[in-house]
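J.: can't give you the sequence, but here's the structure:
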Ligand code: TRP
């Protein structure tokens with residue numbers, strides 16, 4: 001059977017934006033921002049999205065569109081080496097790991113959405129009375145497992161229907177709904193008393209916070225940038241593998257990054273004014289995965305029409321989460337379909353069945369959940385993206401430039417050589433550096449010394465290694 005392609009250009013962009021916009025923007029971003037000093041984190045994060053995220057996204061796109069295969073087949077075919085196919089296998093493991101914890105959080109959201117929706121007629125949602133206790137009760141154990149299965153089932157249904165009728169159609173409906181609802185919520189949040197304190201926390205830029213904590217912020221900001229752009233797992237390779245040659249990758253990649261970042265920032269403009277308007281300071285109430293649920297549920301409970309606002313909010317989050325989880329499931333599904341000729345329906349059933357189990361483990365065991373959602377995913381994504389980019393720079397080389405330029409305007413074409421230098425050398429070095437921070441190596445050696453080491457290492461890599469003709 002011929003491999004499917006996206007029906008329209010907008011369809012591809014929306015699917016990729018749908019993948020990018022998700023719990024990472026709405027649940028993880030405010031919590032990471034609060035934990036890492038507010039606006040300072042925002043600035044470092046924005047810098048990384050621009051300098052690492054966009055070129056990295058283009059790297060994954062180039063691999064996928066060139067090979068028209070899932071990451072495993074793409075790396076093997078483009079390199080002609082089985083060992084690269086083995087590295088591609090990591091994307092399958094990453095996809096399954098991601099979905100295992102993501103689906104549990106998706107389950108919490110559905111739980112909150114149903115609880116809010118049902119309470120629109122009748123009494124207040126149960127989480128109004130004691131948000132902390134409610135969250136504790138539903139976030140782990142049998143309840144969490146049950147709702148995880150529900151969320152996973154919805155995800156599987158969409159992927160089951162295929163690229164055009166499932167993922168493309170689904171995201172074409174979900175993404176506009178997310179944008180409209182979120183915009184409405186942000187406008188409404190602006191009218192809340194003391195909203196200004198929330199904006200100040202989020203947006204008032206204080207350079208001294210950055211200069212003092214640069215390295216402490218760097219690791220989390222990089223992790224957040226990769227996570228939110230769905231980088232390092234092969235999601236974007238897979239989505240680009242369903243593309244024709246006629247699109248401008250630089251344009252599409254920039255559009256996706258801009259839309260995704262806007263949603264992150266708009267979410268901040270909803271969440272922080274809401275919290276501050278109710279006298280909740282996110283740096284004081286403690287943070288962590290439950291912060292958003294506990295803090296926001298508390299804020300909702302004090303608002304007039306709080307149940308309605310809560311319903312709208314959790315509806316946004318559910319749609320955003322689903323449009324991302326389908327992109328995680330699509331990684332192992334595309335792998336089975338491309339490499340083993342399994343039918344899509346069987347592949348979805350098999351992989352969803354597997355995640356039903358791994359996710360249930362995460363639902364019952366918070367320590368495993370925490371490890372997968374934090375450390376494991378951070379390491380897999382960072383190492384994964386570094387491997388993909390090294391592949392683009394050193395194995396694909398000129399082919400990558402050609403692929404990037406195909407369908408691109410003249411600006412995109414003229415940037416392709418510096419882009420290849422960045423993805424082949426500078427970005428992998430940066431990624432390896434942030435990877436080290438996960439293993440306890442931090443910036444204690446100081447900023448300029450670190451920059452010095454990075455520059456020397458780049459120079460050695462560039463001039464010392466026999467220069468492949470590919471890197472110009
Ligand atoms: N980007 C999504 C979010 O922000 C999550 C996601 C989907 C993802 N696919 C991914 C993260 C692949 C990393 C890799 O919620």
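T.: Done, it's in. Since we're looking at a predicted model, the values are computed, not measured.
J.: Would you state the helices of the stretch 51-200 of the chain in chain order?
T.: With helices called from DSSP state H, counting those that start in this stretch, the stretch 51-200 of the chain shows them at 54-67, 71-79, 82-118, 131-138, 142-160, 169-190, 195-203.
J.: Next: the stretch 201-350 of the chain.
T.: Counting by DSSP H, counting those that start in this stretch, the helices of the stretch 201-350 of the chain are 207-228, 235-240, 249-277, 291-301, 306-340, 344-364.
J.: Out of those, which one sits most buried?
T.: Greatest average neighbour count among those goes to helix 235-240 (a mean of 28), per mean count of other C-beta atoms under 10 Å. Bear in mind the C-beta positions are built from the backbone N, C-alpha and C, glycine included.
J.: does the ligand sit close to it?
T.: Yes: counting by C-beta under 6 Å from any ligand atom, the ligand has neighbours in helix 235-240: residue 235.
J.: what's next to that helix, contact-wise?
T.: The contact list for helix 235-240, computed with C-beta atoms under 8 Å, 6 or more residues apart in numbering, reads 12, 15-16, 19, 57, 60-65, 70-71, 74, 91, 95, 229-230, 249, 327-328, 330-331, 334, 388.
J.: next one: stretch 378-392
T.: Contacts of stretch 378-392 from elsewhere in the structure, counted by C-beta under 8 Å, 6+ apart, are 56, 59-60, 62-63, 71, 75, 78-79, 84, 87, 90-91, 93-94, 97, 222-223, 226-227, 231-234, 237, 400, 420, 423-424, 427-428, 431-432, 434-435, 438.
J.: Would you mind checking those for buried ones?
T.: When the contacts of stretch 378-392 are checked for burial by 16 or more other C-beta atoms under 10 Å, the buried set is 56, 59-60, 62-63, 71, 75, 78-79, 84, 87, 90-91, 94, 97, 222-223, 226-227, 231-234, 237, 400, 420, 423-424, 427-428, 431, 434-435, 438.
J.: how about the helices of the stretch 51-200 of the chain in CSV, adding mean pLDDT and distance to residue 340?
T.: Shown next, in CSV, are the helices of the stretch 51-200 of the chain (pLDDT from 0 to 100; distance: least, C-beta to C-beta, whole Å):
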stretch, mean pLDDT, distance to residue 340
helix 54-67, 96, 17
helix 71-79, 95, 10
helix 82-118, 94, 12
helix 131-138, 88, 38
helix 142-160, 96, 17
helix 169-190, 90, 25
helix 195-203, 85, 47
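J.: I'd like these laid out as JSON lines, including distance to the ligand.
T.: Conversion of the helices of the stretch 51-200 of the chain to JSON lines gives the following (distance: least, C-beta to the nearest ligand atom, whole Å):
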{"stretch": "helix 54-67", "distance to the ligand": "10"}
{"stretch": "helix 71-79", "distance to the ligand": "11"}
{"stretch": "helix 82-118", "distance to the ligand": "6"}
{"stretch": "helix 131-138", "distance to the ligand": "20"}
{"stretch": "helix 142-160", "distance to the ligand": "11"}
{"stretch": "helix 169-190", "distance to the ligand": "12"}
{"stretch": "helix 195-203", "distance to the ligand": "18"}
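J.: and among those helices, the most buried is which?
T.: helix 54-67 (a mean of 26).
J.: Find the residue closest to residue 25 in space, skipping its chain neighbours.
T.: residue 264 (4.3 Å; C-beta to C-beta, 6 or more residues apart in numbering).
J.: ranges for the helices of the stretch 351-472 of the chain?
T.: Using DSSP H, counting those that start in this stretch, helices in the stretch 351-472 of the chain cover 366-371, 377-390, 398-405, 410-414, 416-421, 427-438, 447-459.
J.: Tell me which of those helices sits nearest to the ligand.
T.: Distance to the ligand, taken as C-beta to the nearest ligand atom, is lowest for helix 377-390 among the helices of the stretch 351-472 of the chain, at 5.6 Å.
J.: The closest one vs helix 398-405, what angle?
T.: 100 degrees (axes from the mean of the first three to the mean of the last three C-alpha atoms, to 10 degrees).
J.: Which pLDDT does the model give residue 284?
T.: Confidence at residue 284, expressed as pLDDT, is 64.
J.: follow-up on the earlier one: which one of the helices of the stretch 201-350 of the chain lies nearest to residue 198?
T.: helix 249-277 (3.5 Å; C-beta to C-beta).
J.: And the average pLDDT for the closest one is what?
T.: Here helix 249-277 scores 90 as its mean pLDDT.
J.: Does that helix reach the ligand?
T.: No: shown here: helix 249-277 not in contact with the ligand (C-beta under 6 Å from any ligand atom), separated by at least 7.7 Å.
J.: which bits of the stretch 251-400 of the chain sit near the ligand?
T.: 324, 327, 328, 381.
J.: Am I right that the second one is in contact with residue 17?
T.: Yep, that's residue 327 we're talking about. No: here residue 327 does not reach residue 17: they are 10.5 Å apart, not a contact under C-beta atoms under 8 Å.
J.: Now the common contact residues for the two.
T.: Residues touching both residue 327 and residue 17 (C-beta under 8 Å, 6+ apart): there are none.
J.: quick one: contacts for the residue nearest to residue 25?
T.: Counted by C-beta under 8 Å, 6+ apart, residue 264 has contacts 24, 25, 29, 228.
J.: how about a cut-off of 10 Å?
T.: Residue 264 sits next to 20-21, 24-26, 28-30, 33, 42, 45-46, 49, 224-225, 228 when contact means C-beta atoms under 10 Å, 6 or more residues apart in numbering.
J.: Leaving out chain neighbours, which residue sits closest to residue 274?
T.: Leaving out its chain neighbours, the residue that sits closest to residue 274 by C-beta to C-beta, 6+ apart is residue 299, at 4.8 Å.
J.: quick one: low-confidence parts of the stretch 351-472 of the chain?
T.: 438-472 (pLDDT under 70).
J.: How much space separates the residue nearest to residue 274 from the ligand?
T.: 22 Å (C-beta to the nearest ligand atom, to the nearest Å).
J.: That residue against residue 278, yeah?
T.: Yes: assessed by C-beta atoms under 10 Å, residue 299 is found in contact with residue 278 at 4.3 Å.
J.: Common neighbours of those two, please.
T.: Shared contacts of residue 299 and residue 278, counting by C-beta under 10 Å, 6+ apart, come down to residue 192.
J.: In contact with the residue nearest to residue 195 when sequence neighbours are not counted, which residues?
T.: With sequence-adjacent residues excluded and distances taken as C-beta to C-beta, 6+ apart, residue 195 is closest to residue 273, at 3.6 Å. Taking C-beta under 10 Å, 6+ apart, we find residue 273 in contact with 186, 188-202, 299.
J.: cool, residue 249 as well?
T.: By C-beta under 10 Å, 6+ apart, the contact list for residue 249 reads 57-58, 61-62, 64-65, 240, 243, 403-408, 412, 416.
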